[in-house]
Every structure is written in C-alpha cells, then in structure tokens.
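Asks: Quick one, structure for this:
(one chain, ligands or ions: 1)
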Amino acid sequence: MRSNRLKRWAVIPIGLAVAIILAGCTQEQLQGWLPGDAETTNHTSRIIGLWVTSWIVLLAVGLVTWGLIIWAAVVYRRRKGQSGLPVQLRYNLPVEIFYTIVPLILVLGFFAFTARDQAAIEEPTANPDVQIEVFGKRWAWDFNYVTDDAYYSGVQADFNPDGSIDTDNLPVLVLPVDKTVEIKIESRDVIHSFWVVDFLYKKDMIPGKSNYMYFTPTKIGTYAGKCAELCGEYHSLMLFTVEVVSQEDYDAYIESLKAGEYAPYGGEGQIGADFNVNQNLPGNGSSTED
Ligand SMILES: [Cu+2]
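Replies: Residues are numbered from 1 along each chain as shown. Predicted structure coming up:
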C-alpha cells in the first residue's frame, strides 16, 4: 500500500525527466537561448560555455532544494489524528554544515571560472590587424578606421512608414573576418555602452576614458549592435549594424569610403575627440590650451 503510493509520487518527476530527454535538444537550447553561436567570434564559445555550465550547476542546486522542500513537506506532513504544531526541530548539524559548505564552494567556483574567462577575453592583442575607434554620441555612432585612415559618422535610427525601424540606414561598422580587431571605445557626451548582441559582450563608453575590446570575428554575417546604457530620450534608436566580410570586401569598403561614396557620412581621415561635446573633461585627448 505504502510503496504503491510512493510509486505514484515518483511518476511525475520521472515522467517529466524522460519527456525532456526524449524531446532532444535544439541548438538554441544547447547554448542556453543565447543569440548568435559559438563560431561568431573567438570568444563566443567560451562565453556560451560559462553561461551553460553555470545554469547546469544552478539547476542541480535547484533540484536538491526543490527535492528537500518536497521531501520535508511530504514526510513531515500532518497525519490523521494529529493536531496543533508538529514537533519543532532545530540545530541539525549535518544539514547546517551542508548549507554552509556548498554555497561557499559554489561562490568560489563561479568566481574562479568567471575570472578565468574574463581575463582571457580582456587579454589585449599586441598587434591587432585592424584598429577601430568608436565614439558613442546621443544617439548614434562614429567609427574611425584607425589602421586604414577612414571614418563613418552615423545618425540615429529612423522609422519606416509602417512604424518598424529602418534598418537600411543604420550606422555600419565593417570588419574583416578572421582578423584580430582592437576597438577603442569612447563617448562624445554621456555614458553609453557598445554592444554587438551576437558577440555576447558589451562595454561601457565613458566620457574622458578609453575602454578597449579585443576579438576576432570568425563568421561572415550581419550583426545587430545597440547602445546598452540608458543615455536619454532616443536611447532605443541608438542602433548600428556590424558587417563581418571577407578581406577583399573590407578593402573595397574602405576604398569606397575614401572615394567619397558615403559622403557626407563617411570619408578619408578621422573624426576625433575635437567633436566631443564637453571639451574640458580630463583625459579625453582634447587640448586644454587657449
Ligand atoms: Cu547610448
């Protein structure tokens, strides 16, 4: 009788587990519903690994916790003929040691793996193939191709007549595939954040301070970029597009920029810190003379 009832209790979780396993995993599930994929940049497989492994560990913690809750509720439930409070228990030493040691191991483990991956992602590239300088500005982006002495100055996104975003006229950053890239990240006015969604990494753009991002785009494609730091009224229209292309297409794009095909938005040369709104910030590279 009793074992029958236990079997009935076991049917639900075991059935659920079997159903999930039998359903199989899509690529989307395998990477924890992150956008992009492991081949987008040289860092994305590492980032996906940290994310997915963390969730697996946390789900295991969840299973133990839910299991203990259900076990306590079932085993110590009020039986027929009982009344009043159940027997009050306290100071269970094994349980207290368990829930002190395990979280300590978890916190140290998450810290160690995060620090390891962060150090690898932040490691500067000594001689990058392409150096880019990005300025965030309310509410668009300026891209300086430092290595190739060309620039593109974007304007904020606009709408199509049907109310959707006009993605054809977003500022574009073109990068050559399989080449090491350094991006110098700066702001002309307030704090923005440089985020290419599928690259799974973003970094704040702080007035008067230069941040850097190092990566190698490893997959040709078009990627959405956006500002990830609320920066004012049209923050949601502070969008851009990253085009990862072959070296030939990259060279051709740079040539067309220099030839004036994108005038007045793009051209030869650089648009530097002299276009920043506040010229008195320390460390933004602008002159304090005169
Ligand atoms: Cu912004």
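
Asks: The ion contacts on the protein?
Replies: For the chain, the residues in contact with the ion (C-beta under 5 Å from the ion) are 192, 227, 231, 238. Yep, even glycine has a C-beta here, placed from its N, CA and C like the rest.

Asks: Just among those residues, which is most surrounded?
Replies: Top of the residues of the chain next to the ion by neighbour number is His192, holding 31 neighbours under the definition other C-beta atoms under 10 Å.

Asks: which helices and strands sit right next to the helix or strand that Lys202 is a member of?
Replies: Taking DSSP states H and E as the criterion, Lys202 maps to strand 201-205. Under the contact definition 3 or more C-beta pairs under 8 Å, 6 or more residues apart in numbering; DSSP states H and E, strand 201-205 sits against strand 130-137, strand 181-187, strand 192-196, strand 211-215.

Asks: Go through the last one and flag the buried ones.
Replies: Residues of strand 211-215 classed as buried by neighbour count (16 or more other C-beta atoms under 10 Å): 211, 213-215.

Asks: which among those residues gets closest to Gly136?
Replies: Comparing the buried residues of strand 211-215 against Gly136 with C-beta to C-beta places Asn211 closest, at 10.7 Å.

Asks: what sits against that closest one?
Replies: Counting by C-beta atoms under 8 Å, 6 or more residues apart in numbering, Asn211 touches 184-186, 203-205.

Asks: and Gly225, helix, strand or coil?
Replies: strand (DSSP: H, G, I helix; E, B strand; the rest coil).

Asks: I'd guessed it sits against Trp195; true?
Replies: Yes - at 6.3 Å, Gly225 and Trp195 qualify as touching, with contact defined as C-beta atoms under 8 Å.

Asks: tell me which element Val64 falls in.
Replies: Going by DSSP H and E, Val64 is part of helix 44-75.

Asks: Could you list the low-confidence segments of the stretch 151-290 of the chain?
Replies: By pLDDT under 70, the low-scoring segments of the stretch 151-290 of the chain are 282-290.

Asks: Which parts of it are strands?
Replies: For the stretch 151-290 of the chain, applying DSSP state E, counting those that start in this stretch gives strands covering 172-176, 181-187, 192-196, 201-205, 211-215, 221-227, 239-245, 266-268.

Asks: neighbours of Gly15, just the number please.
Replies: 10.

Asks: can you tell me the helix or strand for it?
Replies: For Gly15, the element it lies in under DSSP H and E is helix 2-23.

Asks: Now that helix: average pLDDT?
Replies: For helix 2-23, mean pLDDT is 69.

Asks: and what of stretch 88-103?
Replies: Per-residue scores along stretch 88-103 average to 90.

Asks: May I have the residues that are in contact with the nearest residue to Gly266 once chain neighbours are set aside?
Replies: Sequence neighbours aside, Tyr152 is the residue nearest to Gly266 in space, at 4.1 Å (criterion: C-beta to C-beta, 6 or more residues apart in numbering). Contacts for Tyr152 (C-beta under 8 Å, 6+ apart) come out as 142-143, 145, 171-173, 257, 262, 265-266.

Asks: Need these in CSV (columns: distance to Tyr76 and neighbour count).
Replies: Listed next are these as CSV, based on distance: C-beta to C-beta, whole Å; neighbours: other C-beta atoms under 10 Å:
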residue, distance to Tyr76, neighbour count
Asp142, 65, 21
Phe143, 64, 24
Tyr145, 68, 24
Pro171, 62, 22
Val172, 63, 19
Leu173, 61, 23
Leu257, 72, 23
Tyr262, 72, 17
Tyr265, 70, 16
Gly266, 71, 24
